[in-house]
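**Student:** How does the following fold in three dimensions:
(2 chains)
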Amino acid sequence: MRIDVKKTYKLYIGGAFPRSESGRVYEINDAEGNFLANPSLASRKDLRDSVVSARNAFGGWSGATEYNRGQVLYRVAELMEGRTFQFAEEIAALEGVNFKNAKSQVEAAIDCWVWYAGWCDKIASVSGSTNSVSGPFYNFTVPESLGVVGIFAGQQSALLGLVAGLAPVLTGGNTAVVIASEKYPLPAITLSEVLATSDVPAGVVNILTGSSAELAPWLGSHMDIDGIDLSGLSKKEEAEVRLAGVENLKRIFRFNDSNSLARVQAFMENKTVWHPIGV
Amino acid sequence: MIIDGSESSLRHFLGNLPAVDQVGADSRAAMLATRSIKTASKKWAIDLAISMVDLTTLEGADTPGKVKALCTKAVRPDPMDSSVPSVGAVCVYNDMVKIARTQLDAIGGGAIHVAAVTTAFPSGRASIEVKRQDTQDAINNGATEIDMVIDRGAFLSGNLGKVFDEIVLIKSLCGDRAHLKVILETGELVTYDNVRKASYLAMLAGADFIKTSTGKIAPAATAPVVLVMLEAVRDFYQLSGRRIGVKPAGGIRNTKDAIKQLVLVNETAGPEWLKPSLFRIGASALLNDLLMQRMKMREGFYSSPNYVTLD
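**Tutor:** Numbers count the residues shown, from 1 in each chain, chains lettered A, B, ... in the order given. You can find the predicted model right below:
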């Protein structure tokens, strides 16, 4: 007879796994209503700390070559593959689907991640342009990273919703503060363990578990967040966030497709360069 | 008279100081750091901390332009909010003193002190003649505060008289024209006992302020070290009737750290020390965080470094 070693579910901020600053946790149940885990209930101060570490990590991540970013992201997919079983078990317990179905969800999520990883060094060729101008100039437009992006992960599928929100933001060279699905947070916590052992630099991804409704207004009004993906929010919460986000003109989007170039482009800014010919 | 000025009496006095309870100091500092300061008290503490900042730039890459910009920020830290108090002083290298003084006077910052680091800062490895000249230059250029470093090598090898005489000499150069802050560089003193000893040595030699660190060495102003120094100034006041100031410097980067320092001051030395003439915080990045916290309290949402000036 052996006593189970139960896991303490923590936040992921700046490459470390702290408990919530508030000390709070909340209870989640499996699909049949049985107790499953006590993840941390993140407070606005955890959110603030996440934004600070995301901002600090932005220079390094956006400054890395696109080729390097692609390799780093592909490596995340490699590590996720090794955790397939754990992800699938969590999804099966939370969503009440059978293991086979859960496993195919995990595979879809990993494929989605690989799809975005491949775009890192191609997005500029597709999304950028050379422009004809009426003067002796080369004129070209290239997409550049936006900054810190807040993500409310899609709720319908715990892991795929998360990957579809996070991967395109990273592909564009941004850093992220993710609010995990409130009901289904476990795959997000496991993904944070994958990220911590991958080559993604500390602070590039920060993952908070807790109440979206509590954190949404603070994320919406935070002046150091440049964009928000609110795919996981209700319509009512969306209205609040959009209103709060006006103050510093955040780019705020909701997406439906999981594999979509629009998700990458949404959090990039186009820079147009005029370069004289013959100088 | 606590000591008669001879090395033997100094040695006798410092040798009889009680040892610091290291575990006790660590846990007391950690306990005080858990105090929660909220709303109106926090607002008051932030403004007090701003007025205590010695806004510092001590880089090899300093330029007159950078020093002038720093002075402008010292007078009016938040250009969008005139209710923010000015800082306590601007702290620069010797050759920037005149530039800082001129700039401050030109923009209405006459009340802000200019502090100069002297005596071959940060190492203190120079002849006494060089140290004298270094300090004299700074005072002639208009510095009203002198931040000198002690000779840690001499202190650690037991040559207390040399350290003492240097401080006495620099103090005599300062006279009435400048305040003397003595930098102990606690990161190099190894033990809390040494910190206590060096604090008393500096105070006996005539320091107006004792300062933790140069900012060039880690660890710098850790909470237990500041606690030991605050206890020293408190006890020295009982002995001599003179209130000596304390200046932690280095490693205090955000509002939370600054407020922890204020709690330490209040609970150790007492509320009499909660004013810029007796407590200063040597910092550069701290001021921006204080301003951002102030904005947060005013606006109700978190601010961004985009809304404070770059240093």
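**Student:** Let's see the pLDDT reported for A:Thr84.
**Tutor:** A:Thr84 is assigned 97 on the pLDDT scale.
**Student:** cool, the one 3 residues further on as well?
**Tutor:** At A:Phe87, the pLDDT value in this model is 97.
**Student:** got the contact list for B:His179?
**Tutor:** By CB atoms under 8 Å, 6 or more residues apart in numbering or on different chains, B:His179 lies in contact with B:His113, B:Thr144, B:Glu145, B:Ile146, B:Asp208, B:Phe209. In this view, the C-beta of every residue, glycine as well, is placed from N, C-alpha and C.
**Student:** For those residues, give me TSV that also has distance to chain A and neighbour count.
**Tutor:** Formatted as TSV, the contacts of B:His179 follow (distance: CB to the nearest CB, whole Å; neighbours: other CB atoms under 10 Å in any protein chain shown):
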residue	distance to chain A	neighbour count
B:His113	32	22
B:Thr144	36	18
B:Glu145	33	24
B:Ile146	36	27
B:Asp208	37	21
B:Phe209	32	25
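**Student:** Now the two most distant members of those residues.
**Tutor:** Of all pairs drawn from those, the widest gap by CB to CB lies between B:Thr144 and B:Phe209 and measures 12.5 Å.
**Student:** Any idea how many residues pack against residue 262?
**Tutor:** This is for chain A. Number of residues near A:Ala262 (other CB atoms under 10 Å in any protein chain shown) recorded here: 11.
**Student:** Wait, chain B was what I had in mind.
**Tutor:** 21.
**Student:** Over to B:Ile107?
**Tutor:** The burial count for B:Ile107: 15, using other CB under 10 Å.
**Student:** for B:Arg11, same thing?
**Tutor:** Neighbours of B:Arg11 using other CB under 10 Å come to 15.
**Student:** Would you mind measuring from the nearest residue to it once chain neighbours are set aside to chain A?
**Tutor:** For B:Arg11, ignoring the flanking residues on the chain, the nearest one in space by CB to CB, 6 or more residues apart in numbering or on different chains is B:Leu160 at 6.1 Å. Using CB to the nearest CB, to the nearest Å, B:Leu160 is found at 44 Å from chain A.
**Student:** which residues touch B:Leu204?
**Tutor:** B:Ile2, B:Ile3, B:Leu10, B:Phe13, B:Phe164.
**Student:** For stretch A:37-44, what is the spacing between the initial and final residues?
**Tutor:** 22 Å (CA to CA, to the nearest Å).
**Student:** Name the residues of it that are buried.
**Tutor:** Residues of stretch A:37-44 classed as buried: A:Ala37, A:Pro39, A:Ser40, A:Leu41, A:Ala42, A:Ser43, A:Arg44 (neighbour count, 16 or more other CB atoms under 10 Å in any protein chain shown).
**Student:** Stretch A:61-73 too?
**Tutor:** Using 16+ other CB under 10 Å as the test for burial, stretch A:61-73 gives A:Trp61, A:Ser62, A:Ala64, A:Glu66, A:Arg69, A:Gly70, A:Val72, A:Leu73.
**Student:** swap in stretch B:156-171?
**Tutor:** Neighbour-count burial for stretch B:156-171, counted by 16+ other CB under 10 Å, picks out B:Leu160, B:Lys162, B:Val163, B:Phe164, B:Asp165, B:Glu166, B:Ile167, B:Leu169, B:Ile170, B:Lys171.
**Student:** Give me the subset of those residues that lies in helices.
**Tutor:** Using DSSP state H, the members of the buried residues of stretch B:156-171 that fall within helices are B:Leu160, B:Lys162, B:Val163, B:Phe164, B:Asp165, B:Glu166, B:Ile167, B:Leu169, B:Ile170, B:Lys171.
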